[in-house]
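Participant: Here is a sequence together with a model predicted from it:
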Amino acid sequence: MKKLFTIAFAALALSAALVSCKNKNGAQSASPDPTNSRVAGTYSRHNDPDFLMDTFSIDLRADGTCNYYETLISSYIGDCRYRVEGDTVIIEDEGIPSKNPRKHVFKFKFEDNKLVFIADGSDQFMYIKLEDGTVFDKAVVSSEEPNN
């Protein structure tokens, strides 16, 4: 009986581990792509000093997955995938299927470690309406040790 319990527990643990490795579309995360690694990082815009809730950021990971977060007044975090075509980063977000089942596409030009919004051919985000040419700066990650 103890052996049967141990086997059942191991199978349950393995199932949980495999499920946690899948994204919302049921696909397992891909290996890092050298093209994606070039653009991977966290980008943010801080264009409106009068609107403190403007915390729009986009996080691109080397495996082709990404998240975006528009504002502090929303709990929505876009869970998406992206691909790179030349100097264009194309983000695809399926949104919230129960509210809006269509896929949203956002295009950005990648130049000088910045993402520049391309309005032509892009959808608008849920809360923040971007103008053509809106710039998202890449966060600089310091490798230095903090001073004590």
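Facilitator: Received the coordinates, thanks. Numbers count the residues shown, from 1 in each chain.
Participant: Where does pLDDT dip in this protein?
Facilitator: Applying pLDDT under 70 to the predicted model, the residue ranges of the chain that meet it are 1-32, 46-54, 96-101, 141-148.
Participant: Do a quick rundown of the strands in it.
Facilitator: When assigned using DSSP state E, the strands of the chain occupy the ranges 41-44, 54-60, 65-71, 77-85, 88-93, 104-111, 114-118, 135-138.
Participant: Next, format those as a markdown table and append distance to residue 33 and mean neighbour count.
Facilitator: For the C-beta atoms, the positions are set from N, CA and C on the backbone; glycine is no exception. Listed next are the strands of the chain as a markdown table, based on distance: least, Cβ to Cβ, whole Å; neighbours: other Cβ atoms under 10 Å:
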| stretch | distance to residue 33 | mean neighbour count |
| --- | --- | --- |
| strand 41-44 | 14 | 18 |
| strand 54-60 | 11 | 20 |
| strand 65-71 | 11 | 19 |
| strand 77-85 | 8 | 17 |
| strand 88-93 | 12 | 18 |
| strand 104-111 | 14 | 18 |
| strand 114-118 | 17 | 19 |
| strand 135-138 | 18 | 17 |
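Participant: Which residue is the nearest non-sequential neighbour of residue 113?
Facilitator: Counting by Cβ to Cβ, 6 or more residues apart in numbering, residue 113 lies nearest to residue 138, which is 4.3 Å off, once chain neighbours are set aside.
Participant: and the one you found, what does it touch?
Facilitator: Counting by Cβ atoms under 8 Å, 6 or more residues apart in numbering, residue 138 touches 41-43, 113-115.
Participant: Farthest pair within these?
Facilitator: Taking Cβ to Cβ, the two most distant members of the contacts of residue 138 are 42 and 114; they sit 12.3 Å apart.
Participant: Across the sheet, point out what pairs with residue 81.
Facilitator: residue 65, residue 92 (DSSP bridges).
Participant: wait, isn't it in contact with residue 68?
Facilitator: No: when contacts are counted by Cβ atoms under 8 Å, residue 81 is not listed as touching residue 68 (11.8 Å).
Participant: Now do the shared contacts for these two.
Facilitator: Shared between the contact lists of residue 81 and residue 68 (criterion: Cβ under 8 Å, 6+ apart) are residues residue 91.
Participant: How many neighbouring residues does the closest residue to residue 76 other than its chain neighbours have?
Facilitator: If the residues on either side of it in the chain are set aside, residue 76 comes closest to residue 126, at 6.3 Å by Cβ to Cβ, 6+ apart. By other Cβ atoms under 10 Å, 18 other residues sit near residue 126.
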